[in-house]
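Visitor: Got a predicted model here, sequence first, then my questions.
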Amino acid sequence: MKRHLIPFSPLHGLASLGAGGLAISFFVWLLAFAPLGGLPVPTAEQLQLARQDLAWSGWIDFWVMMLALLALAHYSLLVWWFHRDRIASHANENLYSGEAHIFRLLTPLLLAMSINVTFVVGLVFVPGLWNIKEWLFPFALLGFGGLLVMALARWQAQRRLTKQKGFTYQGKGLVELFTAFALGMIAVGFSASAAMSETAIWHTIGTIMAIIAGGFALVAVADVLRRRVRRLIGKPLAATATGSLLIGVPILTILGIAAYRLLMAGKHHFEMNIGAWSITALLATVFVAQLLIFTVATPKLLRHAGWQTLVKADPQGASFSLICPGVGLFVLGMFLVSKGLLAADVITTTVAMGLYGLLALIQIATLGLFVYLLLYAMPTEKDSAPRHANGPNQTPSDHETNPL
């Protein structure tokens, strides 16, 4: 494939987000198959014991290796994005102006993902980390608390600008859901402390803050759907914005996992009677909703040349919006099978292995697309002019009609 000049776009930050999501997707294999020794998550010590089983040692080593590589890619791309974004912002003060202001929500989204990735990396690679977890949860709560304040402040600024300047986001799909994405990522971070801390104050704060952040995320989703869905029907849609139609899939994943963790917190800390069927019903409902989004959005993505533009003809920063839906469907599917259907004895182990195989195909396809986009959708070194958060070779005036 012949490469064209690709300017930098704020949406190149989605490359770091995709790498982080893929790293966690390999951690989910460990969560499903590694012996946990009574713990809610695999640790370095448990994985070392699991390697004594030759039947699984190879797979465990593979999953750990992929987790390490993709986590490294996540951190590298995150540092790179902050560096390039700073340079681009200085070179073009209008980079986040107008309707592109919504992309300021990428910062809390990426940082929240980074904290979540750091959590799983620490579990897998740092012996004894679980023993000092109660000392670490306060710092995690502070970190997510700061990101929640940042996300809410930027959301309110976005709402003021939308009202004052009459932004319509015509032709931009559901790009405004980046707000809900950021808030949901923060909520799932809080939910880790809620479910796993044994200290009353920390798991109580985690529970309350997860509910608050998740509640704001749902409000943001409802607000966007109320104002924008009708305008999507029968209206032209920019090819570069079609990936935003699938953003609901990863949002449902992180909110679904947050809800699952809150149920576990209620069961273990607050003496709530939570059965396996309740968990299965929750995860199955979320998974079906994700399938419905794919069913509705995919034809529109193809009809408006989204795949042709974002993958084949013109890979760019917006192309990485196609990674998170695949990751989200895979991760939620793994939770449904391992924590839902199997735990409730709805399916046998043999059936579960077949379902794992289907989910593995989704993960492989998503990983392949991610590698492809790293090769063909990243900014080219010869180009020093930042993309105006839109598509290639667009001028600032184009930005008013096509921020993706």
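Guide: Right, received. Where do you want to start?

Visitor: longest single helix anywhere in the chain?
Guide: In the chain, taking DSSP state H as the definition, the longest helix is helix 54-91.

Visitor: Does anything pack onto that helix? Which helices or strands?
Guide: helix 13-33, helix 44-50, helix 106-125 (3 or more Cβ pairs under 8 Å, 6 or more residues apart in numbering; DSSP states H and E). (Each C-beta comes from the backbone N, C-alpha and C, glycine too.)

Visitor: Show me which positions of the strand or helix carrying residue 160 end up buried.
Guide: Using DSSP states H and E, residue 160 falls within helix 133-165. Residues of helix 133-165 classed as buried: 133, 136-137, 140-141, 143-145, 147-148, 150-152, 154-155, 158, 161-162 (neighbour count, 16 or more other Cβ atoms under 10 Å).

Visitor: repeat for stretch 51-63
Guide: 60, 63.

Visitor: pull the CA atoms of that stretch into PDB?
Guide: The C-alpha trace of stretch 51-63 is given here as PDB (Å, rounded to 0.1, in the frame of the first residue of the first chain):
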ATOM      1  CA  ARG A  51       3.300 -22.400  34.900                       C
ATOM      2  CA  GLN A  52       4.000 -25.700  36.700                       C
ATOM      3  CA  ASP A  53       1.100 -27.200  34.700                       C
ATOM      4  CA  LEU A  54       2.800 -27.900  31.400                       C
ATOM      5  CA  ALA A  55      -0.600 -28.000  29.600                       C
ATOM      6  CA  TRP A  56      -1.100 -24.300  30.300                       C
ATOM      7  CA  SER A  57       2.400 -22.900  30.800                       C
ATOM      8  CA  GLY A  58       2.800 -22.100  27.100                       C
ATOM      9  CA  TRP A  59      -0.400 -20.300  26.900                       C
ATOM     10  CA  ILE A  60       0.200 -18.300  30.100                       C
ATOM     11  CA  ASP A  61       3.600 -17.300  28.800                       C
ATOM     12  CA  PHE A  62       2.100 -16.200  25.500                       C
ATOM     13  CA  TRP A  63      -0.700 -14.100  27.200                       C
END
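
Visitor: Quick one: mean pLDDT over that stretch.
Guide: Stretch 51-63 shows a mean pLDDT of 87.

Visitor: what does it rub up against?
Guide: Identification of contacts with stretch 51-63 by Cβ atoms under 8 Å, 6 or more residues apart in numbering yields 26-27, 29-30, 33-34, 47, 50.

Visitor: switch to 10 Å and redo it
Guide: 25-35, 42, 47-48, 50, 64, 124 (Cβ atoms under 10 Å, 6 or more residues apart in numbering).

Visitor: swap in stretch 367-375?
Guide: By Cβ under 10 Å, 6+ apart, stretch 367-375 touches 1, 3, 12, 14-15, 18-19, 21-22, 25-26, 66, 70, 73, 77, 310-311, 315-317, 319-320, 322-323, 326-327, 330, 377.

Visitor: and if we set it to 6 Å?
Guide: 18, 22, 315, 319-320, 323 (Cβ atoms under 6 Å, 6 or more residues apart in numbering).
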